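Participant: please find the sequence and the predicted model below.
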Amino acid sequence: MKYQEVLEWMYQQLPIYTRIGTLAYKTDLENIRILCEQLDNPHQKFKSVHIAGTNGKGSCSNMLANAFQKAGYKTGLYTSPHLFDFRERIQINADKISKEHVIDFIENHKQLIEYVKPSFFEMTVAMAFDYFAKQNIDIAIVEVGLGGLLDSTNLITPEISIITNISKDHTNLLGNSIEEIATQKAGIIKQNTPVLIGETDSQTEKIFITKAIQHNSPLFFADQRYELAFQSFNYPTQTFKIVDKSEMEIINVHTDLLGEYQWKNCITVLNAIEILKTRQWDLSNIDYETVFQDAKKNLTFKGRFDIMSSNPTIILDVSHNEAGVKELISQVLKQLKGKLHIVMGFVEDKDIESILKIFPKQAQYYFVNAEIPRAKKAKDLMSEAQEQQLVGDAYPLIKEGIKQAISQAENDDTILITGSFFIMEAAYQYLEQNL
């Protein structure tokens with residue numbers, strides 16, 4: 001089979017959450033256990049870090065992988081979903097898994113896959129674990145797909161479990177309350193394994209403390225050790241002055257990740273590095289001032305306050321829940337000079353009404369939909385937005401919405417493209433071809 005044929009087979013044969021939503025979600029770990037048993041339990045052959053959370057887990061995963069690479073470790077990285085290429089999900093030292101490895105895995109295990117009938121995500125996790133084991137990596141940074149307790153990645157016994165933060169998302173699967181969602185994400189906490197929480201929340205703190213005590217797991221809160229003292233934005237980088245209260249020192253952090261919210265991810269990764277040092281990982285040569293300055297460049301990490309143009313300013317960001325959108329809109333409005341144009345598209349299973357209430361009424365809107373079954377139709381999104389006094393038009397094609405926004409924008413204006421991972425591929429393709 002050729003690579004494209006393998007991809008088509010995977011997409012056609014395996015239920016994919018990103019396309020069909022809850023129908024692809026499995027409520028136990030049986031399939032991934034069977035797959036890994038038949039693959040000789042590859043997840044037991046490498047060290048790992050496990051990262052969950054509502055927002056920031058992708059950024060933290062990429063930043064921590066970048067740090068381990070700089071320290072000289074052969075570092076695997078598993079993240080999801082991908083924006084452009086399936087192989088983005090599985091990387092070693094920033095190199096994507098080869099097409100040949102993808103082909104070989106499917107051809108060698110096609111009969112097993114057809115027998116187990118895993119979801120697309122379960123199969124991908126098994127492929128990643130098998131690849132990491134065979135490539136003899138030093139450590140893998142593994143991002144949770146959804147939740148934690150029942151996520152296919154939860155077979156690993158990591159060096160540290162990290163939960164970035166908790167807010168409402170995927171409520172149809174994880175629960176309608178912050179406490180229910182936190183309980184699901186706390187499911188990655190393992191016996192005698194350090195636990196790091198990125199952001200303290202009075203609603204969830206007790207849940208994590210209780211779970212950590214039950215598992216005899218040392219518990220840390222990054223924002224109780226570190227705090228932001230100063231932040232400056234100077235495209236294409238930004239600088240944070242972060243106070244380490246335990247050492248009473250100021251750390252200057254430079255990064256090419258431009259979201260203001262990235263300071264929260266930075267302190268989570270800084271704290272993780274300090275904890276991992278106590279577990280015999282040689283990370284002492286990492287320079288905190290520069291370790292994040294090329295995270296985006298090294299890992300081709302896109303869709304996080306990614307500025308594609310300055311005249312007009314064009315920003316792409318994958319924020320897709322209340323907490324993420326609040327942070328995003330706050331930063332956009334701070335930097336806004338002229339008018340604001342927003343190209344947006346969502347999937348159906350989001351709390352779209354609550355999210356739309358966050359967007360400013362003074363902007364011009366261009367409603368689009370991704371080409372997946374889960375996508376909210378552009379006209380339906382426009383109708384719901386009009387109920388929140390958000391004014392604009394619907395466009396069946398993502399590129400048409402972006403084209404119209406660019407045609408209407410003056411040089412001082414800002415165009416924001418946001419709402420879903422699944423509009424980003426078409427957005428980047430159009431902009432790269434037309435800017």
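Facilitator: That came in fine, so what should we check first?

Participant: how about stretch 34-54, which residues are buried there?
Facilitator: Across stretch 34-54, burial judged by 16 or more other C-beta atoms under 10 Å covers 34-36, 39, 42-43, 46-54. In this view, the C-beta of every residue, glycine as well, is placed from N, C-alpha and C.

Participant: let me see the mean pLDDT of it.
Facilitator: Mean pLDDT, computed over stretch 34-54, is 97.

Participant: domain parsing for this structure?
Facilitator: Using automatic domain parsing, the domains assigned to the chain come out as 3-298, 306-434.

Participant: gap between the last one and the chain center?
Facilitator: So that's domain 306-434. Here domain 306-434 is found 19 Å from its chain centre; the criterion is C-alpha atoms, centre = their mean, to the nearest Å.

Participant: likewise for stretch 31-50?
Facilitator: Centroid displacement of stretch 31-50 relative to its chain, using C-alpha atoms, centre = their mean, is 22 Å.

Participant: from the rest of the structure, what touches it?
Facilitator: 64, 76, 109, 112-113, 116-119, 122-123, 125-126, 129-130, 132-134, 136-142, 144, 152-162, 188, 272, 276 (C-beta atoms under 8 Å, 6 or more residues apart in numbering).

Participant: whichever of those residues end up buried, select them in ChimeraX.
Facilitator: The following ChimeraX line selects those of these that are buried, judged by 16+ other C-beta under 10 Å:
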select :64,76,109,113,116,118,119,122,123,125,126,129,130,132,133,137,138,139,140,141,142,144,152,153,154,155,156,158,159,160,161,162,188,272,276
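
Participant: dump the residue contacts of Ile275.
Facilitator: 160, 194, 196, 220.

Participant: make a markdown table out of these and add distance to Val6.
Facilitator: Formatted as a markdown table, these follow (distance: C-beta to C-beta, whole Å):
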| residue | distance to Val6 |
| --- | --- |
| Ile160 | 34 |
| Pro194 | 38 |
| Leu196 | 37 |
| Phe220 | 42 |
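
Participant: out of these, list just those in helices.
Facilitator: Per DSSP state H, helices hold no members of those.

Participant: farthest-separated two in the residues you listed?
Facilitator: Of all pairs drawn from those, the greatest distance, 9.0 Å, lies between Ile160 and Phe220 (C-beta to C-beta).

Participant: which residues do these two both contact?
Facilitator: Contact criterion C-beta under 8 Å, 6+ apart; residues shared by Ile160 and Phe220: 194-196, 275.

Participant: helices of the stretch 51-200 of the chain, start to end?
Facilitator: Remark: helices assigned in the stretch 51-200 of the chain by DSSP state H, counting those that start in this stretch are 57-70, 99-116, 120-134, 171-174, 178-185.

Participant: what's downstream of the lowest-mean-pLDDT helix or strand in the chain, the next helix or strand?
Facilitator: Here the helix or strand of the chain ranked lowest by mean pLDDT, DSSP states H and E is helix 17-20, holding a mean of 52. Under the assignment DSSP states H and E, the closest C-terminal helix or strand after helix 17-20 is helix 30-38.

Participant: ok and that next one relative to helix 120-134, angle-wise?
Facilitator: Interaxial angle, helix 30-38 versus helix 120-134 (axes from the mean of the first three to the mean of the last three C-alpha atoms, to 10 degrees): 20 degrees.

Participant: CA atoms only: put helix 30-38 into PDB for me.
Facilitator: This file holds the C-alpha atoms of helix 30-38, laid out as PDB (Å, rounded to 0.1, in the frame of the first residue of the first chain):
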ATOM      1  CA  GLU A  30      -9.800  -2.600  26.700                       C
ATOM      2  CA  ASN A  31      -8.900  -2.000  23.000                       C
ATOM      3  CA  ILE A  32      -5.700  -0.200  23.700                       C
ATOM      4  CA  ARG A  33      -4.700  -2.900  26.200                       C
ATOM      5  CA  ILE A  34      -5.300  -5.700  23.600                       C
ATOM      6  CA  LEU A  35      -3.400  -3.800  20.900                       C
ATOM      7  CA  CYS A  36      -0.400  -3.100  23.200                       C
ATOM      8  CA  GLU A  37      -0.400  -6.700  24.500                       C
ATOM      9  CA  GLN A  38      -0.200  -8.000  20.900                       C
END
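
Participant: point out where the stretch 201-350 of the chain drops to low pLDDT.
Facilitator: For the stretch 201-350 of the chain, applying pLDDT under 70 flags the ranges 299-300.

Participant: what about the nearest residue to Lys277 once chain neighbours are set aside, which SS state?
Facilitator: Distances taken as C-beta to C-beta, 6 or more residues apart in numbering put Leu283 closest to Lys277, at 5.4 Å, once the chain neighbours are dropped. Following DSSP: H, G, I helix; E, B strand; the rest coil, the label given to Leu283 is coil.

Participant: which residues touch Leu283?
Facilitator: Counting by C-beta under 8 Å, 6+ apart, Leu283 touches 67-68, 71, 273, 276-277.

Participant: switch the cut-off to 10 Å
Facilitator: 67-68, 70-73, 272-274, 276-277, 291 (C-beta atoms under 10 Å, 6 or more residues apart in numbering).

Participant: would you list those residues in CSV and tack on distance to Lys339?
Facilitator: Shown next, in CSV, are these (distance: C-beta to C-beta, whole Å):
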residue, distance to Lys339
Ala67, 40
Phe68, 43
Lys70, 41
Ala71, 46
Gly72, 48
Tyr73, 47
Ala272, 41
Ile273, 42
Glu274, 45
Leu276, 46
Lys277, 49
Val291, 38
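
Participant: list just the nearest of those to Arg225.
Facilitator: The shortest approach to Arg225 among the contacts of Leu283 belongs to Glu274, at 8.3 Å (C-beta to C-beta).

Participant: so the closest one is in which element?
Facilitator: For Glu274, the host element (DSSP H and E) is helix 262-277.

Participant: got the angle between that helix and helix 57-70?
Facilitator: Angular relation of helix 262-277 and helix 57-70 on a 0 to 180 degree scale: 50 degrees, by the same axes, to 10 degrees.

Participant: can you pull the buried residues of helix 262-277?
Facilitator: So helix 262-277, judged by 16+ other C-beta under 10 Å, has buried residues 262-276.

Participant: what of stretch 379-396?
Facilitator: For stretch 379-396, the neighbour count (16+ other C-beta under 10 Å) marks 380-382, 384-385, 390, 392, 394-395 as buried.

Participant: farthest pair within those residues?
Facilitator: Pairwise distances across these peak at 15.8 Å for Glu384 and Tyr395 (criterion: C-beta to C-beta).

Participant: all strands of the stretch 201-350 of the chain, in order?
Facilitator: Under the criterion DSSP state E, counting those that start in this stretch, the stretch 201-350 of the chain carries strands at the ranges 219-221, 226-234, 237-244, 249-255, 306-310, 313-317, 340-344.
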